[in-house]
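Trainee: Sequence first, then the predicted structure:
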Amino acid sequence: MVRTIRRTYIAAFTLMTAMALTLTLPSLASAAPANDNFADAQTISGVSASVEGTTAGATREIGEPDHYTSNPIDADWWLGDHTVWYRWTAPSSGLTSVDTCTANIDSILAVYTGGSLNSLSRVADNNNDFCGGGWGSKVTFEATAGTTYQIAVGDAGGLREDTFTLNLESEYTFSGFFSPVDHPEVATNKAKAGSAIPVKFSLGGDQGLDIFATGTNPTTNETFTYPTSTAMACDSTARLDAIEETVTAGGSSLQYDASLDQYTYVWKTDKAWAGTCRQLIVKLDDGTYHRANFQFVK
């Protein structure tokens, strides 16, 4: 009798467990990413970004456009079956690239402008090109400062519902250098060693003060933040232009003037540089370099 009751209990428990799994597993499988729908697009910001994403459980919304139309020959085959959305507002105008070159999906990538799903205007799309092989996709376009771009990542083919990395790289609209500093192709700047030189430029708007890239000293392996300078041979034939403006400063610093849309990096030079020439190297966090040459006197 006890054995019969025990067997009945075990059988009932097994049946209940199976029913619970049956009810639970589909709900897990159908769980969509938080940015599955256009309205819930994940916001990314800055001139560069890298975010991890997935199309697992993602869907296509009613009225969602086909995300690959730029190649009519095979566009009808690859629409973007499971899509997720991202939203990015360009901080400045300039060449911008978006890619899923690291992907475990057969990725389709599309960029749009427009504030709703039924009013999108296509900027660019791609399917498996410009990544040097593999299943990734990459698009490049001229971004306009202040414009919001909608980015769709979808999957197709045999690699579906898996992970990817979305990368975005944009360049600042660099204008400068402004007076008193000249570009190398204009002249070599003549300055008094030990003076503080205002290096002025614009990036097409206020990009914050965290605009300089970091680097690593190959000799000491120490990390530093640009701008930096390096010794260079003096060119006796170079046109010299004296620095007309210096400032008082205890050390180098950066500030932004919104009324002029102008950054000023105060570069504190070294008295020991008298009689030498140096190149100032400004590397921004968009990966671009900007240089100016100096000849220092006592």
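Mentor: On my side now, so go ahead.
Trainee: For R278, which non-adjacent residue is spatially closest?
Mentor: S229 (4.6 Å; C-beta to C-beta, 6 or more residues apart in numbering). For glycine as for every other residue, the C-beta is placed from the backbone atoms N, C-alpha and C.
Trainee: I should have written P65 there, sorry.
Mentor: If the residues on either side of it in the chain are set aside, P65 comes closest to L120, at 6.1 Å by C-beta to C-beta, 6+ apart.
Trainee: so what's that neighbour up against?
Mentor: Counting by C-beta atoms under 8 Å, 6 or more residues apart in numbering, L120 touches P65, Y112, T113, G114, Q150.
Trainee: Any chance of a PyMOL selection covering the buried ones in those?
Mentor: Of these, the buried ones can be selected in PyMOL as follows, counting by 16 or more other C-beta atoms under 10 Å:
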select buried, resi 65+112+150
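Trainee: hmm, who's touching whatever helix or strand the residue nearest to R278 lives in?
Mentor: Of the helices and strands defined by DSSP states H and E, S229 is found in strand 228-232. Strand 228-232 is contacted from outside by G215, W267, T276, C277, R278, Q279, L280, I281, N293, F294, using C-beta under 8 Å, 6+ apart.
Trainee: Okay, buried residues for the helix or strand immediately after that strand in the chain please.
Mentor: Moving toward the C-terminus from strand 228-232, the next helix or strand (DSSP H and E) is strand 240-242. Neighbour-count burial for strand 240-242 flags D241 (criterion: 16+ other C-beta under 10 Å).
Trainee: Contacts for strand 240-242 next, please.
Mentor: D182, V186, A187, T188, N189, K190, A191, Q295.
Trainee: Next up, phi/psi of W273, please.
Mentor: W273 has phi and psi values of phi -80, psi 0 when expressed as degrees, to the nearest 10.
Trainee: can you pull the contacts of it?
Mentor: W273 sits next to A193, G194, F296 when contact means C-beta under 8 Å, 6+ apart.
Trainee: How about the contacts made by E161?
Mentor: By C-beta under 8 Å, 6+ apart, the neighbours of E161 are T54, T55, A56, G57, A58, H82, I105, D155.
Trainee: make it 7 Å
Mentor: T55, A56, G57, H82, D155 (C-beta atoms under 7 Å, 6 or more residues apart in numbering).
Trainee: Surely it is within a helix?
Mentor: No: the assignment for E161 is coil, going by DSSP: H, G, I helix; E, B strand; the rest coil, so no helix is present there.
Trainee: Identify the residue nearest it in space, chain neighbours excluded?
Mentor: In this structure, E161 finds its nearest non-sequential neighbour in A56, 4.4 Å apart by C-beta to C-beta, 6+ apart.
Trainee: about what we covered before: burial count for the residue nearest to R278?
Mentor: S229: 19 surrounding residues under other C-beta atoms under 10 Å.
Trainee: if we can go back for a sec, thinking the residue nearest to E161 is in contact with R160, fair?
Mentor: No: with contact defined as C-beta atoms under 7 Å, A56 does not count as touching R160 (8.7 Å).
Trainee: Kindly tell me how buried L168 is, as a neighbour count.
Mentor: Around L168 there are 22 residues (other C-beta under 10 Å).
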